[in-house]
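Peer 1: the amino acid sequence is not available; the structure is as follows:
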């Protein structure tokens, strides 16, 4: 069932997933801690269902225009989505994806489970040429952390014409900036831990399937995968996600506005060789002059900005991505990913400039 509300996204994040408005009812849905439920009702056992999951699934379904399913983490959602194709499948994926996806697909290829065709997702013609004989197209747009854009309206129909399942990670853009299901994508994947929950406090993931016959078939497979695999969300995590997502529109608006200003200024700083910013969203990647050591020194010199992994929280974070062994080789050694938060823009710039100036002075 397509969970469209007819409301604009900034309203849907606030209004969807609420309890029925009756006298004395809570405004927010309650959290239910239960592993089992009394017989003959809507709920049976905590590995199959919990009423606390439903508000988040309703909100995300309304925003993406599909049917949402929560998972214990973003990687649990990724693993379930990848499992939609069987042993021996061929997967087409961007050569510079999120490192968890890269590791997942690389291990599957090394074990003989999949054949992976790595492509430049920003090269639409080359990506379409790689689709023949494949079974799954994995997209990120923007990619993490290179921030390259894929032409989803061109790639998704081309893949579906050839019978491929099309999956798109929409964590960076969020459904407020991009709705891939409308462009022909079958499944959207989210790390709910990031922008949706928004406070760097929980680990949670989600898949959202298209309101089509194929989407419903894939949804049934994902439901079974979650139930049998046990990658279920905790009720407290789901409740916190529902609480956090209410402010998504205002958080993203503030962070995006600041990111545009910072990207322009970073492009003029002598310690920055290159700025990667797609023109929307709140993630910036920069390449620091002087290599990996210089990038690490700059990150360590910040006072306000957190030197930590992850993204999408209210606080600004940055880190050099190639410090992780699993990071794809396509990521430059000196690339620093910046997740812009909701702090005052001038305070953030002062901290960035101070840290980068110190890199020049060292």
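Peer 2: Here it is on my side, so go on. Worth saying up front: this structure is predicted, and the values here are computed from it rather than measured.
Peer 1: so where is the stretch 51-200 of the chain shaky, pLDDT-wise?
Peer 2: For the stretch 51-200 of the chain, no stretch has pLDDT under 70.
Peer 1: now the helix or strand where residue 294 lies, how far from the chain's geometric center?
Peer 2: Using DSSP states H and E, residue 294 sits within helix 291-301. In terms of CA atoms, centre = their mean, to the nearest Å, the centre of helix 291-301 is set 26 Å apart from its chain centre.
Peer 1: likewise for stretch 286-302?
Peer 2: That offset, for stretch 286-302, works out to 25 Å (CA atoms, centre = their mean).
Peer 1: what of stretch 170-189?
Peer 2: How far stretch 170-189 lies from its chain's middle: 10 Å, per CA atoms, centre = their mean.
Peer 1: endpoints of that stretch, how far apart?
Peer 2: End-to-end span of stretch 170-189 (CA to CA, to the nearest Å): 6 Å.
Peer 1: which parts of that stretch are buried?
Peer 2: Across stretch 170-189, burial judged by 16 or more other CB atoms under 10 Å covers 170-176, 178-181, 183-189. Where you see a C-beta, it was placed from the backbone N, CA and C, and this is true even at glycine.
Peer 1: one more: stretch 96-114?
Peer 2: For stretch 96-114, by 16+ other CB under 10 Å, it's 96-106, 108-109, 113-114.
Peer 1: mind listing the helices for the stretch 1-150 of the chain?
Peer 2: For the stretch 1-150 of the chain, the helices defined by DSSP state H, counting those that start in this stretch occupy 9-15, 53-64, 74-82, 99-110, 124-129.
Peer 1: equivalent analysis for the stretch 251-362 of the chain, please.
Peer 2: All helices of the stretch 251-362 of the chain, identified by DSSP H, counting those that start in this stretch, fall at 291-301, 345-361.
Peer 1: how about the first one: buried residues?
Peer 2: Right, the one you point to is helix 291-301. For helix 291-301, by 16+ other CB under 10 Å, it's 294, 295, 296, 297, 298, 299, 301.
Peer 1: what packs against that helix?
Peer 2: With contacts taken as 3 or more CB pairs under 8 Å, 6 or more residues apart in numbering; DSSP states H and E, helix 291-301 sits against strand 283-288, strand 317-320, strand 335-339, helix 345-361.
Peer 1: just put the ones you listed in CSV and tack on mean pLDDT and mean neighbour count.
Peer 2: Output for the helices and strands packed on helix 291-301, formatted as CSV (pLDDT from 0 to 100; neighbours: other CB atoms under 10 Å):
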stretch, mean pLDDT, mean neighbour count
strand 283-288, 98, 24
strand 317-320, 98, 24
strand 335-339, 98, 25
helix 345-361, 92, 17
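Peer 1: ok, which of those comes nearest residue 137?
Peer 2: Among the helices and strands packed on helix 291-301, strand 283-288 comes nearest to residue 137, with 22.6 Å by CB to CB.
Peer 1: the closest one - which strands sit beside it in the sheet, and in what orientation?
Peer 2: The strands that strand 283-288 pairs with in its sheet are strand 272-276 (antiparallel), strand 335-339 (antiparallel) (by DSSP bridges).
Peer 1: what's the angle from that strand to helix 291-301?
Peer 2: 120 degrees (axes from the mean of the first three to the mean of the last three CA atoms, to 10 degrees).
Peer 1: off-centre distance for strand 283-288?
Peer 2: Distance, stretch centre to chain centre, for strand 283-288: 18 Å (CA atoms, centre = their mean).
Peer 1: which residues are contacting that strand?
Peer 2: Contacting residues not belonging to strand 283-288 are listed as 142, 144-147, 172, 259, 262-263, 266, 271-277, 294-295, 298, 311, 332, 334-340, 356, 359 [CB atoms under 8 Å, 6 or more residues apart in numbering].
Peer 1: could the helices of the stretch 251-362 of the chain go into CSV alongside distance to residue 324?
Peer 2: Converted to CSV, the helices of the stretch 251-362 of the chain look like this (distance: least, CB to CB, whole Å):
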stretch, distance to residue 324
helix 291-301, 12
helix 345-361, 21
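Peer 1: what about stretch 59-77, start to end distance?
Peer 2: 17 Å.
Peer 1: would you confirm that residue 322 contacts residue 292?
Peer 2: Yes. At 6.6 Å, residue 322 counts as touching residue 292 under the criterion of CB atoms under 8 Å.
Peer 1: where exactly do the strands run in the chain?
Peer 2: In the chain, strands defined by DSSP state E lie at 67-71, 89-94, 114-119, 136-140, 165-169, 187-191, 205-209, 272-276, 283-288, 306-307, 317-320, 335-339, listed in chain order.
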